[in-house]
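A.B. asks: Quick one, structure for this:
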Amino acid sequence: MPQPTLYLLDGHSLVYRAYHAMGPLSNASGEPTGAIFGFVQILQRLLKDHGPSRIAVVFDPPGPTFRSEMMEEYKANRPEQPPELTTQIDLLKTLLGAMGVPIVELPTFEADDVLASLAVWAVENGGGAVIVSVDKDLLQMVRPGIRVLRDHLGKIEVMDEEGVVGKLGVRPCQVAEYLGLVGDTADNIPGVPGIGAKTAAKLLAEFGDLESIIAAAPEKIAEKPKKPPKIWTSMRDSADLARKSALLATIRTDALPDSVSWDGFEWGGMKASAELVELLQRLEFRSLLTEIGGVSVAGRVTDYSTVLTEGALRAACDSIRAAGRAAIDTETTGLDPYRADLVGISISWKSNQAV
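C.D. replies: Sure thing, here's the model as predicted:
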């Protein structure tokens, strides 16, 4: 019997990437949808290419986490989340629920810690895990049974241990200390001043770990006391900062929900429930709606025409009066009603019939 593989999606990481990559997409009502659309594209690629039978999306919880208590400045440089992104994340969670995709969120723990903990749980319980994220700190979790799939909205990288070495120049078990040396601007982890990616990788390759690098600093400085290399004086002066930075970058593996089981992550495919169909119609994700059978265009007879003459306009008005009701939509050059110009008006008074 093949080992089960748990596919774990980093919710906030992928949503942020989609939000900045897709731009200001919106539905006809002006409701922003770009972040949701980008995330759903990643999910669809995963379902198509890998066909997972067990899946979950992990989100950051609201409020502070234990790392915020370790260092007040942690993630303090991040701008406030745009309101249009917050509403999309909330709607995405509703959409995922309607799709039947399990969602995991744990108070005080970041998504990274929960992703890592679930991946380790999967391996310890006879399976494997694939973490879908673009965050480089999760590369420290790569090991036998655990891989990281980086989906850059179409460009796919599946990272094993060799891939991590090729990308960062360090082994997965060294990634946290590598980030402790170079820092991480996204999370406001300071690192050691003056040490960049290449230097950090070189030091870890030579000395093996952070404590060995720190221990080597006095000897390296003593070799050239009159003009000691800046790297080594920086390591001496910032040793505690390096340790704290590495600790902040270290992902926990003990952040598990109260009850975890393989059954809780089962994925049986999307079903065209009334809730899911309504959400996809609202978001105007027509291709996915058709894919799940929520709308069938096969054999549908339509009568859509463009009114170009006064006679055609009068005939349409007569049909609307006879129907007693109509749906009206406008097509404009923009979403601002005070600045947009009218391009056209569409009116429907009967299913599959409109002008």
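
A.B. asks: Can you give me the buried ones in the helix or strand harbouring Leu313?
C.D. replies: Here Leu313 is covered by helix 310-323, with elements defined by DSSP states H and E. Judged by neighbour count (16 or more other CB atoms under 10 Å), helix 310-323 contains these buried residues: Ala316, Ile320. (C-beta placed from N, C-alpha, C; glycine too.)

A.B. asks: list the helices and strands that helix packs on?
C.D. replies: Using 3 or more CB pairs under 8 Å, 6 or more residues apart in numbering; DSSP states H and E as the contact criterion, the neighbours of helix 310-323 among helices and strands are strand 342-350.

A.B. asks: State the mean pLDDT of whatever helix or strand comes next after the strand it packs on.
C.D. replies: Moving toward the C-terminus from strand 342-350, the next helix or strand (DSSP H and E) is strand 353-354. Mean pLDDT, taken over the full extent of strand 353-354, equals 92.

A.B. asks: what comes into contact with the helix holding Leu313?
C.D. replies: Ser305, Val307, Ala326, Ile347, Trp349, Lys350, Val355 (CB atoms under 8 Å, 6 or more residues apart in numbering).

A.B. asks: In terms of distance to Met270, which of these ranks first?
C.D. replies: In terms of CB to CB, no member of the contacts of helix 310-323 lies closer to Met270 than Lys350, at 30.4 Å.

A.B. asks: who's in contact with that closest one?
C.D. replies: Ser319, Ala323.

A.B. asks: Return the helix or strand in the protein with minimum mean pLDDT.
C.D. replies: Among the secondary structure pieces of the chain, namely its helices and strands, helix 66-70 has the lowest mean (mean pLDDT, DSSP states H and E), a mean of 68.

A.B. asks: Please name every helix or strand in contact with the helix or strand following it.
C.D. replies: Once the chain leaves helix 66-70, the next helix or strand it forms, by DSSP H and E, is helix 83-99. Secondary structure elements in contact with helix 83-99, counted by 3+ CB pairs under 8 Å, 6+ apart, are helix 11-22, helix 34-50, strand 103-104, helix 274-283.

A.B. asks: what mean pLDDT does the last one have?
C.D. replies: Along helix 274-283, the predicted confidence averages to a pLDDT of 92.

A.B. asks: And the very next helix or strand once past that helix, what's buried?
C.D. replies: Taking DSSP H and E as the definition, the helix or strand that follows helix 274-283 towards the C-terminus is helix 286-291. Of the residues in helix 286-291, those buried by neighbour count under the rule 16+ other CB under 10 Å are Leu288, Leu289.

A.B. asks: what mean pLDDT does helix 286-291 have?
C.D. replies: Averaging the model's pLDDT scores along helix 286-291 yields 87.

A.B. asks: and which of the contacts of helix 310-323 is nearest Arg236?
C.D. replies: Comparing the contacts of helix 310-323 against Arg236 with CB to CB picks out Ile347 as the nearest, at 76.4 Å.

A.B. asks: Report the beta-bridge partners for that closest one.
C.D. replies: Beta-bridge pairing of Ile347, defined through DSSP bridges, involves Ile328.

A.B. asks: residues contacting it?
C.D. replies: Contact partners of Ile347, counting by CB under 8 Å, 6+ apart, are Ala316, Ile320, Ala326, Ala327, Ile328, Asp329, Ala354, Val355.

A.B. asks: Output these in TSV; the columns should cover distance to Gly264.
C.D. replies: Formatted as TSV, the entries for these read as follows, by distance: CB to CB, whole Å:
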residue	distance to Gly264
Ala316	55
Ile320	52
Ala326	48
Ala327	43
Ile328	47
Asp329	43
Ala354	46
Val355	51
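
A.B. asks: right, and the helices and strands packed on helix 83-99 - which one's nearest Ile214?
C.D. replies: Distances from Ile214 to each of the helices and strands packed on helix 83-99 were compared by CB to CB, and the smallest falls on helix 11-22, at 31.0 Å.

A.B. asks: Can I get the closest one in PDB? Just the C-alpha atoms.
C.D. replies: The C-alpha trace of helix 11-22 is given here as PDB (Å, rounded to 0.1, in the frame of the first residue of the first chain):
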ATOM      1  CA  GLY A  11      -2.200  30.200   3.100                       C
ATOM      2  CA  HIS A  12      -1.000  33.800   3.900                       C
ATOM      3  CA  SER A  13       2.200  33.400   2.000                       C
ATOM      4  CA  LEU A  14       0.500  32.300  -1.200                       C
ATOM      5  CA  VAL A  15      -2.300  34.900  -0.800                       C
ATOM      6  CA  TYR A  16       0.200  37.700  -0.400                       C
ATOM      7  CA  ARG A  17       2.100  36.500  -3.500                       C
ATOM      8  CA  ALA A  18      -1.100  36.300  -5.500                       C
ATOM      9  CA  TYR A  19      -2.300  39.700  -4.300                       C
ATOM     10  CA  HIS A  20       0.800  41.500  -5.500                       C
ATOM     11  CA  ALA A  21       1.200  39.500  -8.700                       C
ATOM     12  CA  MET A  22      -2.400  39.600 -10.000                       C
END
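
A.B. asks: Show me which residues of that helix are buried.
C.D. replies: In helix 11-22, counting by 16+ other CB under 10 Å, buried: Gly11, His12, Ser13, Leu14, Val15, Tyr16, Arg17, Ala18, Tyr19, Met22.

A.B. asks: and what of stretch 30-38?
C.D. replies: Within stretch 30-38, the residues that count as buried by 16+ other CB under 10 Å are Glu31, Pro32, Thr33, Gly34, Ala35, Ile36, Phe37, Gly38.
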